[in-house]
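**Student:** no sequence on this one, just coordinates:
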Ligand SMILES: Nc1ncnc2c1ncn2[C@@H]1O[C@H](COP(=O)(O)OP(=O)(O)OP(=O)(O)O)[C@@H](O)[C@H]1O
Ligand SMILES: [Mg+2]
């Protein structure tokens, strides 16, 4: 029997007084007994929401969510969650924080104490029981978060970016320790669902990777991984899988319009990446040792930035016609090579040309401003346009990105004195 089963699950949220926005739609998902599944997807694709539905913290609007065949109607004692933010009570000691889960289950104090002590030993917190969270390093704090989840002997462990607030080494150590507990069966947990932003982490941990699409979130790809654990991050099979997942994550979904999507509406979204980041990735790609073509994971490693910062930059390069991204590789286009060798002035000119050609939002801003006698307009009409398909916060962010890109290209800019968008003033005048 599956531990978790979601069938045709949907969830919408209403933000402010706007219309409800569909976050998850038609999600089918299972977590089998004995399985570790990693859930990947862009920021905002609904990963945390899916986890919260599984944890019984929020109800699905439609479809069926079941734990061991029974509908999930609220928090379950067999399901525990670890959060990115640790979510510890600062005024409670390590021991008290860990005991909380047991208290909620109504366990007697003596049994609680014993179980907590054993868990602190198991997770590497022996001797820290009476410390306060603020006295611990980030890695140790997250050990407390994990101990609090595991102390209840959960059947299913949910982890929402549990390692991403930690530095790389600490995150890897902690991840290794959890996998070790899992493999050696020193914890009774039967299944894990792990949300991550880190593609390599997903490949190192999971038996199966599930990739969510965005707007709305839906299961887009599933990749089975049959390699034994612990896995060697440098093994060719692991590298090939990391490559494959990068390829799937950077594939532009707009090429195949989702069925039932509002096809008539323009997609105003643009990747959330600043010009500085876009250009530094381009320069890195153009230089040695890549010389214009790279394996995405390798480029990411050299860039020393997290995947969630790099993926939008890759997407921006592809959108602007400066690079091709395909099957886990990235290569500069002819134009991209020219751009890499260009001086500042030519770069701005090329950027502007590509912007007007490939980014509908920038082209719209430019053409609307050009019809105004004074070349300026308040930002509201643009925000309203975006709010048609995006939620308010994302609309604001997209406009910011479009403004940053346009300002760089000297097309238009934002005037902070008037709060209006205006055509860039010609420096010659
Ligand atoms: N309680 C809520 N009320 C309104 N909107 C919400 C609520 N919870 C989530 N959302 C919205 O739903 C969308 C998906 O959020 P969610 O946190 O599930 O995404 P995510 O994939 O976990 O993103 P990230 O990778 O950034 O953590 C976001 O646009 C978010 O703003
Ligand atoms: Mg999240």
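**Tutor:** Ah, there it is. Because the structure is a prediction, the values reported are computed rather than measured. Ligands and ions are numbered 1, 2, ... in the order given.
**Student:** residues contacting the residue of the stretch 301-429 of the chain found nearest ligand 1?
**Tutor:** Nearest residue of the stretch 301-429 of the chain to ligand 1: residue 391, at 5.7 Å (CB to the nearest ligand atom). For glycine as for every other residue, the C-beta is placed from the backbone atoms N, C-alpha and C. Residue 391 is in contact with 15, 18, 21, counting by CB atoms under 8 Å, 6 or more residues apart in numbering.
**Student:** Apply 10 Å and report the result again.
**Tutor:** 13-16, 18-21, 23, 44, 215 (CB atoms under 10 Å, 6 or more residues apart in numbering).
**Student:** Distance check, it against residue 371.
**Tutor:** Distance, residue 391 to residue 371, by CB to CB, to the nearest Å: 28 Å.
**Student:** Ligand 1 contacts on the stretch 301-429 of the chain?
**Tutor:** Taking CB under 6 Å from any ligand atom as the measure of proximity, the stretch 301-429 of the chain contacts ligand 1 at residue 391.
**Student:** need the strands for the stretch 301-429 of the chain, in chain order.
**Tutor:** For the stretch 301-429 of the chain, the strands defined by DSSP state E, counting those that start in this stretch cover 323-326, 329-332, 376-378, 412-415, 420-423.
**Student:** With mean pLDDT, mean neighbour count and distance to residue 315 added, can I get those strands in JSON lines?
**Tutor:** As requested, those are exported to JSON lines (pLDDT from 0 to 100; neighbours: other CB atoms under 10 Å; distance: least, CB to CB, whole Å):
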{"stretch": "strand 323-326", "mean pLDDT": "90", "mean neighbour count": "20", "distance to residue 315": "8"}
{"stretch": "strand 329-332", "mean pLDDT": "94", "mean neighbour count": "20", "distance to residue 315": "10"}
{"stretch": "strand 376-378", "mean pLDDT": "93", "mean neighbour count": "15", "distance to residue 315": "28"}
{"stretch": "strand 412-415", "mean pLDDT": "92", "mean neighbour count": "17", "distance to residue 315": "22"}
{"stretch": "strand 420-423", "mean pLDDT": "94", "mean neighbour count": "20", "distance to residue 315": "24"}
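**Student:** Give me the below-cutoff pLDDT ranges for the stretch 151-300 of the chain.
**Tutor:** Counting by pLDDT under 70, the stretch 151-300 of the chain contains low-confidence ranges at 252-265.
**Student:** Strands along that one, start to end?
**Tutor:** Using DSSP E, counting those that start in this stretch, strands in the stretch 151-300 of the chain cover 156-160, 191-195, 208-212, 219-224, 293-295.
**Student:** Distance from the last one to the middle of the chain?
**Tutor:** I take that to be strand 293-295. Averaging C-alpha positions (CA atoms, centre = their mean, to the nearest Å) puts strand 293-295 23 Å from its chain's average.
**Student:** swap in the second one?
**Tutor:** Mean C-alpha position of strand 191-195 versus that of the full chain (CA atoms, centre = their mean) differs by 15 Å.
**Student:** From here on, call the first residue 637.
**Tutor:** All right, first residue 637 from here; so that's strand 827-831.
**Student:** So which residues of the stretch 637-786 of the chain form strands?
**Tutor:** Applying DSSP E, counting those that start in this stretch to the stretch 637-786 of the chain gives strands spanning 640-649, 657-667, 672-677, 698-703, 706-707, 715-719.
**Student:** what's the longest one packed up against?
**Tutor:** For strand 657-667, the packing partners by 3 or more CB pairs under 10 Å, 6 or more residues apart in numbering; DSSP states H and E come out as strand 640-649, strand 672-677, helix 683-690, strand 698-703, strand 827-831, strand 844-848, strand 855-860.
**Student:** what about 7 Å?
**Tutor:** strand 640-649, helix 683-690, strand 855-860 (3 or more CB pairs under 7 Å, 6 or more residues apart in numbering; DSSP states H and E).
**Student:** Quickly run through the sheet partners of the last one, with directions.
**Tutor:** Strand 855-860 sits in its sheet next to strand 844-848 (antiparallel), going by DSSP bridges.
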